[in-house]
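Colleague: Provided below for reference: sequence and predicted model.
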Number of protein chains: 2
Amino acid sequence: MSTVNSGPRVDATDARILLALADDPRATVLALAERLRLSRNTVQARLAKLDENGALGSFERRVDPGALGYPLTAFVTAQADQHHLAEVADRLKDIPEIVEVFGLSGPTDLLVRVVAADTEDLYRVAGKILDCPGIERTNTALAMRELVPHRLTELLRRSAATRPAPTGRRARD
Amino acid sequence: MSTVNSGPRVDATDARILLALADDPRATVLALAERLRLSRNTVQARLAKLDENGALGSFERRVDPGALGYPLTAFVTAQADQHHLAEVADRLKDIPEIVEVFGLSGPTDLLVRVVAADTEDLYRVAGKILDCPGIERTNTALAMRELVPHRLTELLRRSAATRPAPTGRRARD
DNA sequence: TGGGCAAGTGAGCACAATGCTCACTTGAGG
DNA sequence: CCTCAAGTGAGCATTGTGCTCACTTGCCCA
């Protein structure tokens, strides 16, 4: 349901931690600290804060639908009765194959991301979407290729590059 | 670049592990084992296999762009010279604000997911996309609301529900 | 110019988790 | 009937965790 989160912004050090984690997701705090040349204490505190503020989304994001038996991804755009968007969203939430829904600006009201086991399955799901009261028109496009797989690394690198406020870190080494 | 992965399919037990992990991402293997009433050994082996086969996507997926200073998400659809899709994709990859790109079936060739710091930033990024040689026409829609946040839980639950092949597990307890 | 303040550091400590290996069990399939 | 794949429980040396503490350092602000 939420749109933004905008807790306190991730700073350069946080970004470096996230980057290191991206490289090795199950790395121990100790390993991260060593690698980033920070104290274990710092990394631990930072990490704690990062998932307190919702800077880290849910873990499910990391699960590959393909491995779950849903190798097909499709995007269904829809026009809907704008007065009842919330109700429509609730209905859509009940369809398990629907993985993500956005409310859009412009002539297309909804963008629905769907996964499916095969084309027949996809057809069925598309039908279910159209059947939702409030949905007026849909259009389904199959994702044939993932040309750029989901990534935030470039943005993280940019954040990591800004010189951190150098506080209390040791001079030697 | 990859489209599918389709390593060996995730079975019911795997799904249960992933579900538990979704609930508590940094849970220790021991905690998971206890909670699922599996042996530590099993969980450890399963988890190892899960990220060997790419059933687990990269960690970056969990990072919230909002926390990074990019609270805006937009979807840019584009028509492109289909003979040069690969080159276009390479160009798009160089734009950091581009988070994901799909090649679609139908009249729209590309779906580009973009994040931006503000509307002006978005305008700039949209311009960069249009400037890519091979891109013929674009249309930008701002994601105003995340009506259903990314989730795979329902699907995971479905997988977890199928009775697992009950092998060698103890009778008592 | 001096005092807080926030953030980092290094040390230490009891406890828990990891990574490994081994012998054993169990159901499925040839 | 035998073998195989998967799970189990045990054990053990090594690491990592979660916590607290005293101390340092640069920044902000008065």
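Modeller: Arrived safely.
Colleague: and the biggest strand by length in chain A with chain B, contact?
Modeller: When chain A is parsed with DSSP state E, its longest strand is strand A:135-148. Yes: against chain B, strand A:135-148 shows contacts by CB under 8 Å from any CB of the partner chain at A:139, A:141-148. The way it works is simple: take the backbone N, C-alpha and C, and place the C-beta from them, glycine included.
Colleague: what's the residue closest to the geometric middle of chain A?
Modeller: Centroid-nearest residue in chain A, with CA atoms, centre = their mean: A:R61, separated by 5.8 Å.
Colleague: still on that earlier bit, distance to B:T119 for the residues of strand A:135-148 next to chain B - can I get that in a markdown table?
Modeller: Below are the residues of strand A:135-148 next to chain B laid out as a markdown table (distance: CB to CB, whole Å):
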| residue | distance to B:T119 |
| --- | --- |
| A:N139 | 26 |
| A:A141 | 26 |
| A:L142 | 31 |
| A:A143 | 27 |
| A:M144 | 31 |
| A:R145 | 30 |
| A:E146 | 27 |
| A:L147 | 26 |
| A:V148 | 23 |
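Colleague: show the buried residues in these.
Modeller: The neighbour count (16 or more other CB atoms under 10 Å in any protein chain shown) marks A:141-148 as buried among the residues of strand A:135-148 next to chain B.
Colleague: if we can go back for a sec, model confidence for the residue nearest to the centre of chain A, exactly?
Modeller: Listed pLDDT for A:R61 reads 96.
Colleague: now swap in A:N53 and tell me
Modeller: pLDDT recorded at A:N53 is 85.
Colleague: that one touches A:R46, doesn't it?
Modeller: No: look at A:N53 against A:R46 with CB atoms under 8 Å: they stay out of range, at 11.1 Å.
Colleague: could you say what helices and strands the longest strand of chain A packs with?
Modeller: strand A:72-80, helix A:119-131, helix B:85-93, strand B:98-104, strand B:110-116 (3 or more CB pairs under 8 Å, 6 or more residues apart in numbering or on different chains; DSSP states H and E).
Colleague: could I get those as TSV with mean pLDDT and mean neighbour count?
Modeller: Formatted as TSV, the helices and strands packed on strand A:135-148 follow (pLDDT from 0 to 100; neighbours: other CB atoms under 10 Å in any protein chain shown):
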stretch	mean pLDDT	mean neighbour count
strand A:72-80	98	21
helix A:119-131	97	15
helix B:85-93	96	18
strand B:98-104	98	22
strand B:110-116	98	23
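Colleague: export these as TSV, with columns for distance to DNA strand C.
Modeller: Below are these laid out as TSV (distance: least, CB to the nearest atom of the strand, whole Å):
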stretch	distance to DNA strand C
strand A:72-80	28
helix A:119-131	26
helix B:85-93	32
strand B:98-104	27
strand B:110-116	25
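Colleague: got the domain ranges for chain A?
Modeller: Residue ranges for the domains of chain A, per automatic domain parsing: A:12-61, A:65-142.
Colleague: hmm, the shortest one in reach of DNA strand C?
Modeller: Spelled out, that is domain A:12-61. Yes: Domain A:12-61 reaches DNA strand C (CB under 7 Å from any atom of the strand) through A:13, A:37-39, A:41-42, A:45-46.
Colleague: what subset of those residues is buried?
Modeller: Buried, going by 16+ other CB under 10 Å: A:13, A:38, A:42, A:46, out of the residues of domain A:12-61 next to DNA strand C.
Colleague: not counting sequence-adjacent ones, nearest residue to the second one?
Modeller: It stands for A:L38. Closest residue to A:L38 apart from its sequence neighbours, by CB to CB, 6 or more residues apart in numbering or on different chains: A:T13 at 7.2 Å.
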